[in-house]
Every structure is written in C-alpha cells, then in structure tokens.
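[1] below: sequence and its predicted model.
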Amino acid sequence: QLQLVESGGGLVQPGGSLRLSCAASGFTLDYYAIGWFRQGPGKEREGVSCISSSGGRRNYADSVKGRFTISRDNAKNTVYLQMNSLKPEDTAVYYCAAATRILLYRLCVSSEFGSWGQGTQVTVSS
C-alpha cells in the first residue's frame, strides 16, 4: 500500500524558515513525480511545487518562487520542501502527493496525483 507521510510543519514567525519532509513507505519514490500542495483557510487547494522522478525538472508557483526549494533524496525515499522568508499568506495545510507521470512544462495540478499524504500544518504568525 502506497503511503506518504508529511512532517516538519509548525508555527514560525514571518521571515522564518521550515523544511517539510515527505517520506514514502510501501513503494520506492524513484519512479514517481512528487508534488507539494497547500490549502489555506477558506481557500482551495493549490499547487506549490513539483519535481520530476529524476529530480531534473522542478516547477514552482509564482507566489513561492525564490523562497521555496523542492528537492529529493531517493536513497532516503524522501522529498523535501525548504521554505524560506515565510509570509503569513503561506499559512496552510501542506500536502505531498505522488504520480507516475505529470506534465513537466507547467506547474503540476492535483488531478495528476493518485496518492496523497495526510498533510502537515504550517502557520506563519507573529
């Protein structure tokens, strides 16, 4: 059974940093593209960043470009989202998801993903 578990969320002040992890169990991440999505209070789920199975292609939402970095360590079966210069509008539940194939010319969309984690809360507040 494919399982994804997010961790690393928490409360941070504006301008601070967090690193989210997405660990896989029951399958090897090597052949999967991974996406990070978020859903803020009263908002729809939106794509944040995605990375190809090889790690060679990464896409970001305009709102996080230059602040967030997605990476993967297939040896650890884990994908990371490094979030710097956090803003209150980054407050959301963050989810990771796995897909066997995504379009790489644009930011991934949730409909491309079949396996999802349970989410981790990120709160940016002073």
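    All right, it came through fine. Numbering: from 1, shown residues only.
[2] going forward, measure contacts between C-alpha atoms and count neighbours the same way
    Fine.
[3] how many neighbouring residues does R57 have?
    Other residues near R57 come to 12 when the count uses other Cα atoms under 10 Å.
[4] so who does it touch?
    Applying Cα atoms under 8 Å, 6 or more residues apart in numbering, we find R57 in contact with 51, 104.
[5] can you rerun that using 6 Å?
    I51 (Cα atoms under 6 Å, 6 or more residues apart in numbering).
[6] repeat that for the one 10 residues further on.
    For R67, the residues meeting the contact criterion (Cα under 6 Å, 6+ apart) are N84.
[7] mind checking how far it is from Q3?
    Using Cα to Cα, to the nearest Å, R67 is found at 28 Å from Q3.
[8] how about the strands in this structure?
    Along the chain, the stretches classed as strands by DSSP state E are 3-7, 10-12, 18-25, 33-39, 46-51, 58-60, 68-73, 78-83, 92-99, 115-116, 120-124.
[9] mind listing what the third one pairs with, with the direction of each?
    Listed by DSSP bridges, the sheet partners of strand 18-25 and their directions read strand 3-7 (antiparallel), strand 78-83 (antiparallel).
[10] so where's this protein shaky on pLDDT?
    Along the chain, the parts satisfying pLDDT under 70 run over 1.
[11] okay, which residue is most central for it?
    Ranked by distance to the mean C-alpha position of the chain (Cα atoms, centre = their mean), the top residue is W36 at 2.3 Å.
[12] that older thread, most packed of the strands paired with strand 18-25?
    Comparing the strands paired with strand 18-25 by mean neighbour count (mean count of other Cα atoms under 10 Å), strand 78-83 ranks first with a mean of 21.
[13] export that one as CSV, just CAs?
    Only the C-alpha atoms of strand 78-83 are listed here, as CSV (Å, rounded to 0.1, in the frame of the first residue of the first chain):
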residue,chain,number,x,y,z
THR,A,78,12.0,11.3,0.8
VAL,A,79,11.2,14.6,-0.8
TYR,A,80,11.7,17.9,0.9
LEU,A,81,10.3,21.4,0.6
GLN,A,82,12.6,24.1,2.0
MET,A,83,10.6,27.2,2.8
